[in-house]
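1. 3D, please:
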Amino acid sequence: MGAGSSDGTEKKSNRRVTVLVTGGGGFLGGAVVRQLVARGETVRSFSRGRYPHLDEVGVECFQGDLADSSAVDRAVRGCRSVVHVAARPGIWGRREEFWRPNVLGTRHVLDACRNQGVERLVYTSSPSVVHGKEDIEGGDESIPYPDVYQAYYPETKAEAERMVLDSNSRNLATLSLRPHLIWGPGDNQLLPRLVAKARSGRLALIGDGSNLVDTTFVEDAAAAHLLALDRLDPGASCAGRAYFITQGEPWPLLRIVNGLLQAAGAPRVRRHISFSTANRIGWLLERIYGFFRVSSEPPMTRFLAHQLSTTHWFDIGAARRDLGYAPSVSIEEGLEILASTGSAASNGE
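-> Prediction:
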């Protein structure tokens, strides 16, 4: 999540900071920062890590933890807008490990926004907050939150999203974006895992891979955040609402996985297992990892089995209408861009 000065304190600046990006050193947060800087905004990043490249482009860097309310309040001070990207992703871990950054951290961001008179907050959520066990075909924002979650990440992101949307007021305008499966150059989450498993021969799809899945190219996901900032104001029609963000181009999972692997120079996936087998393996591994308190992620969980076997693509009509969102590249073009970078992943976030 972002950078700091050599002694861990904030860099001083005489410029008026207009936008704070939490997680500005990460994959999506970094793309948001780049686009803000490119259009002349004054930008601040708040993150746990230190990223000298942010200093080099004039970003004011604060280093700290979202669970530290004082550190968050200092980072927010002087900002007119906040883009809250930072979060704890993943399919495995103790609830506390997700709750502190995702829920408590978001609560601290909201408190700081109110304390410091911030006018607008754009929150990065996930479509997984509404994905239970069933297929979603062209779903819109009316899909309800499920009663039960199979992993702590979507559960805590949903709790945080509710807080953000409930906090929308005449003083602080809030909005939530739900970009789906973000990928592109600099990916340090999805692509590195796919490549590592493919090269080790451990990658397998559940079913035949024909289930349609939405994805989002990182530059389009970032652009959606800037559009949201531009449209969001107290009383605006988009305030207090959530929006799905995708390329608007669902592909069969097998096609997108092999497209990503080919762009990264990795072998295509050829192994397939049934959902029932994957679900049983996930159930067993969850118990083994839980009993022995293994901190690393199991290769399969029940949540992952459902994610990989179901159809989930979304209607982005609301984002087009209210935010002016339109994907800038096709998936084919994005894969060409990814291949041209010559690397499967970076060491960001």
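
2. CA atoms for contacts and neighbours, from now on please.
-> OK.

3. which residues of the stretch 101-250 of the chain fall in helices?
-> Assigned by DSSP state H, counting those that start in this stretch, the stretch 101-250 of the chain shows helices spanning 105-115, 152-166, 190-200, 218-231.

4. what about the last one, average pLDDT?
-> Confidence over helix 218-231 (mean pLDDT, whole number) is 98.

5. in this structure, where is pLDDT below threshold?
-> 1-17, 342-349 (pLDDT under 70).

6. ok, back up a step: in a markdown table, list the helices of the stretch 101-250 of the chain along with distance to residue 264.
-> Listed next are these as a markdown table, based on distance: least, C-alpha to C-alpha, whole Å:
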| stretch | distance to residue 264 |
| --- | --- |
| helix 105-115 | 34 |
| helix 152-166 | 27 |
| helix 190-200 | 7 |
| helix 218-231 | 16 |
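
7. select, out of these, the one closest to residue 250.
-> Across those, residue 250 has its closest neighbour in helix 218-231 (15.1 Å, C-alpha to C-alpha).

8. out of the helices of the stretch 101-250 of the chain, which comes closest to residue 268?
-> Per C-alpha to C-alpha, nearest to residue 268 of the helices of the stretch 101-250 of the chain: helix 190-200, 7.0 Å.

9. now do the buried residues in the helix ranked longest in the chain.
-> The residue-count maximum for a helix in the chain (DSSP state H) belongs to helix 275-291. Residues of helix 275-291 classed as buried: 275, 278, 279, 281, 282, 283, 285, 286, 289 (neighbour count, 16 or more other C-alpha atoms under 10 Å).

10. again, but for stretch 24-37
-> For stretch 24-37, burial by neighbour count (16+ other C-alpha under 10 Å) applies to 24-36.

11. equivalent analysis for stretch 204-219, please.
-> Buried positions in stretch 204-219, judged by neighbour count with 16+ other C-alpha under 10 Å: 204-207, 209, 211-219.

12. ok, so of those, who is nearest residue 58?
-> Comparing the buried residues of stretch 204-219 against residue 58 with C-alpha to C-alpha places residue 219 closest, at 20.2 Å.

13. the closest one against residue 29, yeah?
-> No. Counting by C-alpha atoms under 8 Å, residue 219 stays clear of residue 29, with 10.5 Å between them.

14. burial measure for residue 324, as a count.
-> 14 (other C-alpha atoms under 10 Å).

15. quick one: contacts for the closest residue to it other than its chain neighbours?
-> The shortest distance from residue 324 to any non-neighbouring residue, by C-alpha to C-alpha, 6 or more residues apart in numbering, is to residue 227 (7.0 Å). If a contact means C-alpha atoms under 8 Å, 6 or more residues apart in numbering, then residue 227 has 323, 324, 325 as its contacts.

16. Throw these into TSV and include distance to residue 191, thanks.
-> Listed next are the contacts of residue 227 as TSV, based on distance: C-alpha to C-alpha, whole Å:
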residue	distance to residue 191
323	28
324	29
325	25
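
17. so which of those residues are in helices?
-> The helices, defined by DSSP H, take in residue 323 from the contacts of residue 227.

18. follow-up on the earlier one: distance from the longest helix of the chain to the middle of the chain?
-> In terms of C-alpha atoms, centre = their mean, to the nearest Å, the centre of helix 275-291 is found 26 Å from the chain centre.

19. Provide the contact partners of it at residue level.
-> With contact meaning C-alpha under 8 Å, 6+ apart, helix 275-291 is reached by 206, 207, 295, 298, 300, 301, 302, 304, 305, 306, 309.

20. now swap in stretch 147-162 and tell me
-> The contact list for stretch 147-162 (C-alpha under 8 Å, 6+ apart) reads 88-95, 98-99, 102-103, 106-107, 123, 125-126, 128-130, 132, 145, 176, 302-303.

21. same question for stretch 100-113.
-> With contact meaning C-alpha under 8 Å, 6+ apart, stretch 100-113 is reached by 65-69, 72-73, 76-77, 82, 84, 87-88, 119, 121, 156-157, 159-160, 163-164, 167, 172.

22. let's see that with 7 Å instead.
-> Outside of stretch 100-113, the residues within contact range by C-alpha atoms under 7 Å, 6 or more residues apart in numbering are 66, 67, 69, 72, 73, 76, 87, 88, 156, 157, 159, 160.

23. how about it as PDB, C-alpha atoms only?
-> Written as PDB, here are the backbone C-alpha positions of stretch 100-113 (Å, rounded to 0.1, in the frame of the first residue of the first chain):
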ATOM      1  CA  ARG A 100      -8.700  -4.600  10.700                       C
ATOM      2  CA  PRO A 101      -7.700  -3.100   7.300                       C
ATOM      3  CA  ASN A 102     -11.000  -3.600   5.400                       C
ATOM      4  CA  VAL A 103     -13.600  -2.600   8.100                       C
ATOM      5  CA  LEU A 104     -11.700  -0.800  10.900                       C
ATOM      6  CA  GLY A 105      -9.500   0.900   8.300                       C
ATOM      7  CA  THR A 106     -12.500   2.100   6.300                       C
ATOM      8  CA  ARG A 107     -14.100   3.300   9.500                       C
ATOM      9  CA  HIS A 108     -11.000   5.300  10.200                       C
ATOM     10  CA  VAL A 109     -11.000   6.800   6.700                       C
ATOM     11  CA  LEU A 110     -14.600   7.800   7.100                       C
ATOM     12  CA  ASP A 111     -14.000   9.400  10.500                       C
ATOM     13  CA  ALA A 112     -11.000  11.300   9.100                       C
ATOM     14  CA  CYS A 113     -13.000  12.500   6.200                       C
END
